[in-house]
Structure formats: C-alpha cells, structure tokens
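*Asks:* no FASTA, just this:
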Ligand SMILES: NC(=O)c1ccc[n+]([C@@H]2O[C@H](COP(=O)([O-])OP(=O)(O)OC[C@H]3O[C@@H](n4cnc5c(N)ncnc54)[C@H](O)[C@@H]3O)[C@@H](O)[C@H]2O)c1
Ligand SMILES: O=C(O)C[C@H](O)C(=O)O
C-alpha cells in the first residue's frame, strides 16, 4: 500500500514531464475566459497544478466563482479567483487586470454534422467582445485562442487589437497543440514508440484539410507505409476532432484532450516568458511564410521567448505527399482568414 507521504508526492509529481516542466519561478497571472465550460474546467484544474502559474483568474458568463471555489481548494500555490459579469469580485475587466497570459476557450462547440466554420456566427462575436476588453485592460498580455473556428477567430483578435492600436504579432497564438498531440498519439500507436518520443510537426491551420501533419519529419514516420496506411493516418489526424464529436453524440467536442493540450502550450509559453531557452511549439501565428499567397496566419513550429514568438520556423523539407497537402490547405486557410477579417470590418 502506498503511504501518505508517497501518495502526496505522487499526486504532486508530474505524470508527464512535458505537461509540468518548470523553470525559474516568476509571478505569472493567467486568465481563462470560458472557464466553466467543457474545456475551461479541466484546463483550469491543470493550470492550478502548474507550478509556474501564480495567479489563476477564471471568467465565464456562468458558474466561474463556483469553479474557482472548487479548484481553489487544491493545495498548489496558484491563487485562484472566479469572476462573473455581475459578481462581487468584479467582471471581465477585473479578471484581466494584470493578466499576462489569457487563454480563451469561450464559445459553442460542434455537434455531429457541423463544421468548425458553422460555429463562426456565434463564436466570432464572443471572441471579438472578449478581445476588445483584453485590448483595453491587458494590451500587453499573450492571447491564446482555442475558440473555433481558430482559423478565423485568431485573425478577428488581430483586427480588434489593431483597431485599439495595441497589436503585437508576437503575442497572438491560435492553439493547435491538440493536432500535434493527436499526431503523436496516432503515429505512436502504429510505430510502437513512446508517444513522448514521437514528435510530429503539424502545420497550416486547425480544421480539416488545413491541418497538415509532417510525418516525414518524425523519426517514426517511416513506420507508416505509403498508400492506404499513410492516407488513413493523415485523415485521422486531420479529422480527429470529428471522431470525438461523433463519439460524444451531440454532447460537444474534445474537451479533456484539449484541456491537456492547452495546458501543455501554456506551460511552454510560461517557461519561455521566464527565460528558458529553446522552447518550441507549433502554433497558428501571423507568419511571413505564405503571405505572398494571401495567407497571413500559418502554424509551424515556433520558438518562444521572453516576448512571445521569437522565431517562426519554415516548413522545412517535406515529401511530395505533404506538398500536395499544403496545396490543399493554403486556399482554404486564405478563405477562413479573409472571412474573419471582413466580418470584423463589418462588425467592429
Ligand atoms: N483549438 C482547438 O483545438 C479546440 C479543441 C476543442 C474545442 N475547441 C473549441 O473550444 C470552444 C469551447 O468548447 P467547449 O467544449 O469548452 O464548449 P462549452 O460549451 O462546454 O464551454 C464554453 C464555455 O464558454 C462560456 N462562454 C460563452 N460565451 C462566453 C463569453 N462571452 N464570455 C465568457 N465565457 C463565455 C460558456 O458559458 C461555457 O462555459 C468551442 O468553440 C470549440 O469548438 C477548440
Ligand atoms: O473538432 C472540434 O470541433 C473541436 C476541436 O477543434 C478539435 O479538433 O477537437
């Protein structure tokens, strides 16, 4: 039987070095907007367990003080406060005061038969309104966008921040870590290698054909045979979200794996902000790589530093199959980005 001390230490010991890697402690205030939702709750719990988070501000239009009261009883250092629009703690503005990292999973999820773009009409205004307050109260914060359609909601945030005169392209990220997580899981299921050692860069955007896994760059990529096995794996990575939506049968989309992925991304960002060198994650950021084709945002591996995006890495050497995947990705991504930008112009 495990003793109390051993149990306590096991509970505190990272189960995944990747998830809970830490570096020098600093004061870091992280806000989660949409904190009571399917992603927001487990994400907030994981962030409460991240030693780099010193203040955790949870905002939602419902239930956030309750979620914060619950999570606040976990005996880790992050001071946790819940904020609702008309609560005594103050609303969104109060939640964002002094926030350095803002993670946004607010918005509606898909149901079977829907595309992520079908969420645009509802989520565009939710994200725009949250971004407006962030631009006013925490203009220097790093903004990590989870709300779908990410391909469009990230450009919407850029437009809001530009209009407020506070846009810094180094501090705006679409969180695509779940695609990388899935690619690692699915490829390791085939190769037999440990998932933690199976690193697959995933580039492009975050929906269907805009998700481009670069299996040729993974050490285990050669364990996948060209042809049907390769195509099935690519399809599974590109449409992994649909797999979960179907399995949940009307009750939403990926929440737990997304919370994990966002916690990984946030921890990487915090480590970089704290001065750790060489922290790299794939993220959907404003990028020069495909701008000549009208695509302002593109996910590739990005080195993070004390000011956010430090270096955007190119796609690198890819196979002819991957070239075709990028050819399919670019026009779709362009459409999604333009949709966000023009909607913002019409709905400032
Ligand atoms: N980027 C990704 O890889 C990824 C993965 C999974 C889900 N998502 C997206 O994340 C979003 C959230 O998914 P979910 O499953 O958590 O949904 P959910 O419905 O369970 O939770 C959303 C939460 O947002 C809150 N909310 C709505 N409007 C708000 C506002 N104006 N301010 C603050 N909070 C508000 C709701 O009250 C709710 O608690 C969806 O758009 C989904 O498509 C993205
Ligand atoms: O599929 C969805 O709608 C949610 C998310 O984008 C995902 O990839 O799981």
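*Replies:* Structure's in. What do you need? None of these values were measured; they are calculated from a predicted model. Ligands and ions are numbered 1, 2, ... in the order given.
*Asks:* now the strands: where do they sit in the chain?
*Replies:* 29-33, 55-59, 79-83, 101-104, 142-145, 172-174, 202-204, 211-213, 279-286, 297-305, 308-312 (DSSP state E).
*Asks:* Endpoints of stretch 76-89, how far apart?
*Replies:* 22 Å (C-alpha to C-alpha, to the nearest Å).
*Asks:* Which secondary structure elements does the helix ranked longest in the chain sit against?
*Replies:* Under DSSP state H, the helix in the chain containing the largest number of residues is helix 320-346. Counting contacts by 3 or more C-beta pairs under 8 Å, 6 or more residues apart in numbering; DSSP states H and E, helix 320-346 packs against helix 120-137, helix 150-163, strand 202-204, strand 211-213, helix 228-238, strand 297-305. Placement of C-beta: from N, CA and C, glycine included.
*Asks:* Nearest to ligand 1 within the protein, name that residue for me.
*Replies:* Residue nearest to ligand 1 within the chain: residue 37 (2.0 Å; C-beta to the nearest ligand atom).
*Asks:* count of neighbours near that residue?
*Replies:* By the criterion of other C-beta atoms under 10 Å, residue 37 has 27 neighbours.
*Asks:* Assess the claim that it and residue 103 are in contact.
*Replies:* No. If you go by C-beta atoms under 8 Å, residue 37 and residue 103 don't touch, sitting 11.8 Å apart.
*Asks:* Can you pull up the residues of the stretch 201-348 of the chain that come close to ligand 1?
*Replies:* Residues of the stretch 201-348 of the chain lying close to ligand 1 by C-beta under 6 Å from any ligand atom are 206, 252, 253, 254, 255, 258.
*Asks:* I misspoke; the intended subject was the stretch 1-150 of the chain.
*Replies:* Going by C-beta under 6 Å from any ligand atom, the residues of the stretch 1-150 of the chain near ligand 1 are 33-34, 36-40, 59-62, 105-110, 119, 123, 126, 130, 146-148, 150.
*Asks:* so which of those also contact ligand 2?
*Replies:* Filtering these for proximity to ligand 2 by C-beta under 6 Å from any ligand atom leaves 109, 110, 148.
*Asks:* Out of the residues you listed, flag the one nearest to ligand 2.
*Replies:* Checking those against ligand 2 with C-beta to the nearest ligand atom, the nearest one is residue 110 at 3.9 Å.
*Asks:* how many neighbours does the residue in the stretch 151-300 of the chain that ligand 2 sits nearest to have?
*Replies:* Distances between the stretch 151-300 of the chain and ligand 2 by C-beta to the nearest ligand atom are smallest at residue 241, namely 2.2 Å. Around residue 241 there are 24 other residues, counting by other C-beta under 10 Å.
*Asks:* Could you check how far it is from residue 195?
*Replies:* Distance, residue 241 to residue 195, using C-beta to C-beta, to the nearest Å: 19 Å.
*Asks:* And residue 81, by the same measure?
*Replies:* 35 Å.
*Asks:* Neighbour count for the two, which is higher?
*Replies:* residue 81 (20 against 16).
*Asks:* From the residues of the stretch 201-348 of the chain next to ligand 1, list the buried ones, please.
*Replies:* Buried members of those, scored by 16 or more other C-beta atoms under 10 Å, are 206, 252, 253, 254, 255, 258.
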